[in-house]
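Participant: Just a sequence and a predicted model for now, questions to come.
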Amino acid sequence: MGHAPKPSAAPVVTRTYRIAVIPGDGTGPEVIREGRKVMEAVASRGRFHLAWRDYDLGGARYLKTQETLPDTVLKELRDVDAIYLGAIGHPDVKPGVLERGILLRLRVELDQYINLRPVKLYPGVWTPLKDKGPEQIDFVVVRENTEGLYAGVGGFLRRGSAEEVALQTSVNTRRGVERCVRYAFEFTRKRAGRRKLTLCGKTNVLTYAHELWQRVFNEVASEFPDVTTDYAHVDACCMWMVKNPEWFDVIVTDNMFGDIITDLGAMIQGGMGIAAGANLNPQGVSMFEPIGGSAPKYTGQGVINPLAAICAGGMLLDQLGETQAARAVEQAVMQVTATKLKSLAAGQMGYSTSEVGDLVVGFLEQHKSSP
Ligand code: IPM
Ligand code: MN
């Protein structure tokens, strides 16, 4: 208001990013569609361009061709600016085939050694934690993403016999632990929250693996005098996440514990409908995903919540360096949760999947027109 109308010129595109999209299985494609819609909306106002390319990896392709992640696809994925993933997992495929063959393989091949999972309760979102609100639930889990029990080291002895033995070894390398811990310290410093980093482990039982984690953590800590450090055994950590989530700012932990505590985290932030994660290679190609699964029973019904995928899109933009755009997406999501959705649960939002995407875009537009 009060400004002369600007001459109408098409916005000048200054930056182009190549984004590989893996919509995947089940409801993956439905939520990814909404994420793209939101990212497109924010890109046009941010004057950057997103060049999308779809890859049909997932259960359907596997059932047709027996392929999980063909080398030709992997080669192309090494060369993009980011990967946007819906969900991997199909009820007709044996557990582990797609997870190991696609998701875990991508994390390792692309050396995405950090799995970053914000646990943030947005306004208006119901949490099962009594007397806790957005002020109390706002922390980030830094999960090591390429080693530990996920390394796939182990085997069977005398499989199928009464004497059978199954071994699954946790791999913890000095280099792998150190780069994860270092990332966590740097992230904690940059986040400029309470500047507190908690190591979550089990040093009283895993006296080799987590002794290494503890030693590395203490060493790196000495380089970050401005970061307060803390330690919690994983069982106690689960307890505190429920009882006193406000104690946490950033938590760093190994792959398996990180997997488990981030599902707990997702529940206290309102469920899988909102929980997003980033598989980061800070020097390479990163991949962004809603952390919930493919939810096959909801496929094609338009009832699944796309906010987790939209938030993952926000994290993707942040990683590209489009921080303003990332912030705009988060703000718009927060307005949707605060003022629109009845619930975050599938089928109970009061809106369809695509309507929720439209609501987010609507709030983006509103900001655009305000001075
Ligand atoms: C996750 C998922 C995966 C994991 C599965 C699907 C292999 O649960 O991203 O947390 O365990 O890492
Ligand atoms: Mn998980």
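Facilitator: Thanks, I have it. Ligands and ions are numbered 1, 2, ... in the order given.
Participant: Please, where are all the helices along the stretch 1-150 of the chain?
Facilitator: Using DSSP state H, counting those that start in this stretch, the helices of the stretch 1-150 of the chain run over residues 28-46, 59-65, 71-77, 97-98, 105-109.
Participant: wait, the stretch 151-300 of the chain
Facilitator: Ranges of helices in the stretch 151-300 of the chain, per DSSP H, counting those that start in this stretch, are 174-191, 209-221, 234-243, 255-268.
Participant: Off-centre distance for the first one?
Facilitator: Averaging C-alpha positions (C-alpha atoms, centre = their mean, to the nearest Å) puts helix 174-191 17 Å from its chain's average.
Participant: that older thread, okay if I get the helices of the stretch 151-300 of the chain as TSV plus mean neighbour count, distance to ligand 1 and mean pLDDT?
Facilitator: All C-beta spots, glycine's among them, are computed from the backbone N, C-alpha and C. Shown next, in TSV, are the helices of the stretch 151-300 of the chain (neighbours: other C-beta atoms under 10 Å; distance: least, C-beta to the nearest ligand atom, whole Å; pLDDT from 0 to 100):
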stretch	mean neighbour count	distance to ligand 1	mean pLDDT
helix 174-191	19	15	98
helix 209-221	19	18	98
helix 234-243	17	15	98
helix 255-268	20	4	98
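Participant: T68 is nearest to which of those helices?
Facilitator: helix 255-268 (20.2 Å; C-beta to C-beta).
Participant: one step back: now for the helices of the stretch 1-150 of the chain, which one comes closest to L316?
Facilitator: helix 28-46 (7.5 Å).
Participant: sorry, back to before: same list (the helices of the stretch 151-300 of the chain) but as a markdown table, adding distance to V141.
Facilitator: Shown next, in a markdown table, are these (distance: least, C-beta to C-beta, whole Å):
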| stretch | distance to V141 |
| --- | --- |
| helix 174-191 | 9 |
| helix 209-221 | 15 |
| helix 234-243 | 10 |
| helix 255-268 | 5 |
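Participant: Select, out of the ones you listed, the one closest to D56.
Facilitator: D56 sits nearest to helix 255-268 of all the helices of the stretch 151-300 of the chain, at 26.3 Å, using C-beta to C-beta.
Participant: neighbouring contacts of that closest one?
Facilitator: With C-beta atoms under 8 Å, 6 or more residues apart in numbering as the contact definition, helix 255-268 has outside contacts at 115, 117, 119, 121, 127-129, 132, 137, 139, 141-150, 170, 200-202, 234, 237-238, 241-242, 245, 251, 253, 272, 274-275, 277, 291-292.
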